[in-house]
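S.K.: Sequence and computational prediction follow.
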Amino acid sequence: MNTEGMSSALATNINTSQSVIRNDWNIEEVKELFNLPFNDLLFEAHKIHRQNFNPNQIQMSMLLSIKTGGCPEDCAYCPQSAHHETSLKAEKLMEVEKVLSEARKAKESGATRYCMGAAWRSPKDHDLDTVCEMISGVKALGMETCVTLGMLTSLQADRLASVGLDYYNHNIDTSPEFYNEIISTRTFEDRLDTLANVRDAGINVCSGGIVGMGENVKDRAGMLLTLANLPEHPQSVPINMLVHVEGTPISRSDDLDQIEFVKSIAVARILMPRSVVRLSAGREDMSDEVQALCYFAGANSIFVGDRLLTTANPEIHKDSVLFEKLGIKGTPIE
Ligand code: SAM
Ligand code: DTB
Ligand code: SF4
């Protein structure tokens, strides 16, 4: 690629045959990546993807909302916040047996990781007992486990690690600069503290964010930069396109151009070469062709099944047909 005019660190990164793992990206470099011609950006991302992964394998996770709605946080995108009037009915924490029977179905449909989400600011210790039983039960089925329960103390993270939790999902959601437009009930620093507690407990970190909330390209760059400059790259990086839910304060925000979404995936792949990048929420509104571009740009994980936490996701059959057309296999990533 012609790297003339690029900053020297970026040009070096792009010209080396092996992708370099860096935690010292600066915002100008990341903005430069977003400004590359689309074909140059995708070519570069795909090259790095191939150096690190089999480009024809996609990991499949399935989600379950184990505790729905009534959340005290005010995240402007979220249908589960008690601050917004959505049509969602709040429910209490599910029973362990019910969760395990759903996990069995997920395994039968080909998912290799089961992700359980709770609409909490942070878990109470007695609720954590129940979640630990769920984790042990899902692991006994031979699946990987992931939970997302809000903020965690280091003691709580250690407890989850002690039952063998594989991944903890906690998103930074957006750039530090745009964050206050979206959430007022907890800070960006709070999020980073939870990520540190999870990392220090030895649990794999799953952290990403949402695009399409009215942020600008500098915010998308700032979000990805924050993730890439963590002490270790998150092992899993979900990139969500905002799902517009009636009753949330940003339900009427303009749709983000889907080419810009593909670019966000490509930049995530370049900044974090060995992380699994998940094409996460928002696939219901994406064509097969846009999803195929995301896979080319470096996405190698999706959520399967017709429900995310509370909103719709494509039927698994639809994904099977697309995978077949593209010669992609749904498989764990080694
Ligand atoms: N309450 C926990 C927390 O926020 O940490 C866990 C559940 S929360 C629903 C998990 C993530 O889902 C959020 O951090 C956000 O990135 C994503 N999410 C929620 N609503 C969304 C929406 N409408 N569109 C896209 N992503 C969304
Ligand atoms: C993530 O980044 N996306 C998932 C998972 N982590 C927990 C959640 C998407 C939620 C979309 C809105 C809903 O279904 O409620
Ligand atoms: Fe609560 Fe999580 Fe939704 Fe925020 S994203 S309102 S913390 S469930």
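M.R.: On my side now, so go ahead. Ligands and ions are numbered 1, 2, ... in the order given.

S.K.: Given the strand ranked longest in the chain, what are its sheet partners and their directions?
M.R.: Longest strand in the chain by number of residues (criterion: DSSP state E): strand 57-67. Strand pairing for strand 57-67, using DSSP bridges, gives strand 113-118 (parallel), strand 299-303 (parallel), strand 329-330 (parallel).

S.K.: closest one to ligand 3 among these?
M.R.: Nearest to ligand 3, of all the strands paired with strand 57-67, is strand 113-118, at 7.5 Å by CB to the nearest ligand atom. All C-beta atoms are positioned from the backbone trio N, CA, C, and that covers glycine.

S.K.: Quickly check: that closest one near ligand 2 or not.
M.R.: Yes - contact of strand 113-118 with ligand 2 (CB under 6 Å from any ligand atom) involves Cys115, Gly117.

S.K.: so how far is that strand off the chain centroid?
M.R.: 12 Å (CA atoms, centre = their mean, to the nearest Å).

S.K.: so where is the stretch 201-334 of the chain shaky, pLDDT-wise?
M.R.: 333-334 (pLDDT under 70).

S.K.: All the strands of it, in order from the start?
M.R.: 204-206, 209-211, 236-241, 276-279, 299-303, 329-330 (DSSP state E, counting those that start in this stretch).

S.K.: Which pLDDT value goes with the closest residue to Met151 other than its chain neighbours?
M.R.: Nearest residue to Met151, sequence neighbours excluded (CB to CB, 6 or more residues apart in numbering): Ser122, at 4.1 Å. Per-residue pLDDT puts Ser122 at 97.

S.K.: just Leu165 next, same as before
M.R.: At Leu165, the model reports a pLDDT of 98.

S.K.: go on, Ser87?
M.R.: Predicted confidence (pLDDT) for Ser87: 88.

S.K.: In three-state terms, label it for me.
M.R.: Secondary structure state of Ser87, per DSSP: H, G, I helix; E, B strand; the rest coil, is coil.

S.K.: which residue sits closest to it, ignoring its sequence neighbours?
M.R.: Gly247 (6.9 Å).

S.K.: With adjacent residues omitted, what lies nearest to Val267?
M.R.: Closest to Val267 by CB to CB, 6+ apart is Leu33, at 4.9 Å.

S.K.: give the contact list for the one you found.
M.R.: Applying CB atoms under 8 Å, 6 or more residues apart in numbering, we find Leu33 in contact with Leu10, Leu41, Ala221, Ala266, Val267, Ile270, Leu271.

S.K.: Most neighbours of all those, which one?
M.R.: Highest neighbour count within the contacts of Leu33: Ala266, with 30 neighbours (other CB atoms under 10 Å).
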